[in-house]
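Engineer: build me a model:
(one chain, ligands or ions: 1)
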Amino acid sequence: MARVGRVIARPDPPAGVDPAAAGSGDPARRAELARRLSVIEERIATAARTAGRDPAGLTLIAVSKTYPAADVVMLHTLGARQFAENREQEAGPKVTMVTRELAQVSGDPSAGGGDGLAGAGVAPGAAADPAPGEPNVIWHFVGQLQRNKARSVLRWADWVQSVDRSALVGVLSRLAVERGRPLSICLQVSLDSRSDSRGRVGSVVADSGRGGVDPGELPALADLVDEAPGLTLRGVMAVAPRGEPARPAFERLRAVAERLVVDHPQATVISAGMSSDLEAAVAEGATHLRIGTALFGERPGVP
Ligand SMILES: *Cc1c(COP(=O)(O)O)cnc(C)c1O
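Structural biologist: Sure thing, here's the model as predicted:
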């Protein structure tokens, strides 16, 4: 999914499926999700216009962590196609449920297959997004990844956006080759203003609790991913640091992304912007927006 323009143009329901029954479930919840989705689409469109950008160049990723599979299915029937999770334990069963339900709705057992081999080797970014009406779902992992969880994450993830250290690259590469389907990678960048480009800040970055490689260490990590079989380097991901304005942080991210793309022309993704700061992210060139609470409602006390 996920071009915002495509989301606004609601996909037609699959032939033979009663739209009222498809993605059934609590009608009140469905109405709430529809309302929230249109509010977000409007915010994104307005932010794009303000920044002089085409909203069609922006991809909405619904961050479904802590919310039930039924919400994901409902949002899918409303047009959303890309979803993100941050905990392997929670995501595995949820993805299985969503895949099963969507296959029933569409009558297509391959529903939920994600951007598989068909997406490999073609124009990065764009070609991986399914067209409207297709049952496909693209799943992103955006949480802190431990090596011993990589195998289960790769059972369902099409993208891992949170690669921030070289120790992850080998294992992700091996598992992506093993499963026979490439894995899209974003490198998570630390935007802590106390970071600098000389890589002195490991402990400070750890203190921020948000992860991310120091910008100075990004080029080496990018080279490693780019050379790794089974991995496709897509770009960068970041979370704005707490307690400071988002816009200058996203401005630093943009500079990092512009340097990255010189060496890796296909790595054009800038995944930045959440419910509270998407306007700042769009103003600073974000291509992928990761929206949770504004789409689904407040999370029950879980980060
Ligand atoms: C939870 C989360 C989001 C979404 O945040 P909201 O404020 O709920 O929109 C985006 N990115 C990451 C990495 C997250 O963990």
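Engineer: where do the strands sit along the stretch 51-200 of the chain?
Structural biologist: Secondary structure of the stretch 51-200 of the chain by DSSP state E, counting those that start in this stretch: the strands cover 59-63, 82-85, 138-141, 159-163, 183-188.
Engineer: and the pLDDT at whichever residue of the chain sits closest to the ligand?
Structural biologist: Nearest residue of the chain to the ligand (C-beta to the nearest ligand atom) works out as Gly292 at 2.6 Å. No exception for glycine: its C-beta is placed from N, CA and C like everyone else's. What the model reports as pLDDT for Gly292 is 98.
Engineer: apart from its neighbours in sequence, what residue is nearest it?
Structural biologist: Val63 (3.5 Å; C-beta to C-beta, 6 or more residues apart in numbering).
Engineer: isn't that neighbour right up against Ala294?
Structural biologist: No. Using C-beta atoms under 8 Å, Val63 is not in contact with Ala294, being 9.7 Å away.
Engineer: which residues of the stretch 1-150 of the chain score low on pLDDT?
Structural biologist: Along the stretch 1-150 of the chain, segments meeting pLDDT under 70 span 1-24, 107-135.
Engineer: what's the neighbour count on the nearest residue to Val213 once chain neighbours are set aside?
Structural biologist: Distance criterion C-beta to C-beta, 6+ apart; nearest residue to Val213, sequence neighbours excluded, is Asp164 at 4.5 Å. For Asp164, the neighbour count with other C-beta atoms under 10 Å is 24.
Engineer: state the distance from the residue of the chain closest to the ligand to Ala69.
Structural biologist: 15 Å (C-beta to C-beta, to the nearest Å).
Engineer: buried ones in stretch 225-240?
Structural biologist: 225-226, 228, 230-240 (16 or more other C-beta atoms under 10 Å).
Engineer: could you pick out which of the residues you listed are located in strands?
Structural biologist: Using DSSP state E, the members of those that fall in strands are 231-237.
Engineer: distance between stretch 75-88 and the chain's centre?
Structural biologist: Stretch 75-88 sits 9 Å away from the centroid of its parent chain (C-alpha atoms, centre = their mean, to the nearest Å).
Engineer: tell me which other helices or strands the longest helix seen in the chain touches.
Structural biologist: Looking across the chain with DSSP state H, the single longest helix is helix 27-50. Helices and strands touching helix 27-50, as assessed by 3 or more C-beta pairs under 8 Å, 6 or more residues apart in numbering; DSSP states H and E, comprise helix 4-8, strand 59-63, helix 69-77, helix 278-283, helix 293-296.
Engineer: next up, the contacts around the residue lying closest to Ala240 once chain neighbours are set aside.
Structural biologist: Spatially, and ignoring its direct neighbours in sequence, Ala240 is nearest to Ala246 (4.0 Å; C-beta to C-beta, 6+ apart). The neighbourhood of Ala246, defined by C-beta atoms under 8 Å, 6 or more residues apart in numbering, consists of 240, 276-277, 280-281.
Engineer: how about the residues of this protein by the ligand?
Structural biologist: For the chain, the residues in contact with the ligand (C-beta under 6 Å from any ligand atom) are 63, 65, 86, 142, 239, 274-276, 290-294.
Engineer: got TSV for those, with distance to Leu260 too?
Structural biologist: Formatted as TSV, the residues of the chain next to the ligand follow (distance: C-beta to C-beta, whole Å):
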residue	distance to Leu260
Val63	23
Lys65	27
Asn86	23
Val142	19
Val239	17
Met274	21
Ser275	26
Ser276	26
Arg290	19
Ile291	24
Gly292	26
Thr293	29
Ala294	28
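Engineer: from those, list just the buried residues.
Structural biologist: Buried among these (16+ other C-beta under 10 Å): 63, 65, 86, 142, 239, 274-275, 290-292, 294.
Engineer: helices - which of these land there?
Structural biologist: Ala294.
Engineer: any idea which of the buried ones among the residues of the chain next to the ligand is closest to Thr96?
Structural biologist: Lys65 (15.9 Å; C-beta to C-beta).
Engineer: surely that closest one is in contact with Gly292?
Structural biologist: Yes. Using C-beta under 8 Å, Lys65 is in contact with Gly292, at 6.6 Å.
Engineer: common neighbours of these two, please.
Structural biologist: Arg299.
Engineer: contacting residues for the residue lying closest to Arg155 once chain neighbours are set aside?
Structural biologist: Among residues not flanking Arg155 along the chain, Gly92 sits closest, at 6.6 Å (C-beta to C-beta, 6+ apart). By C-beta under 8 Å, 6+ apart, the contact set of Gly92 is 152, 155-156.
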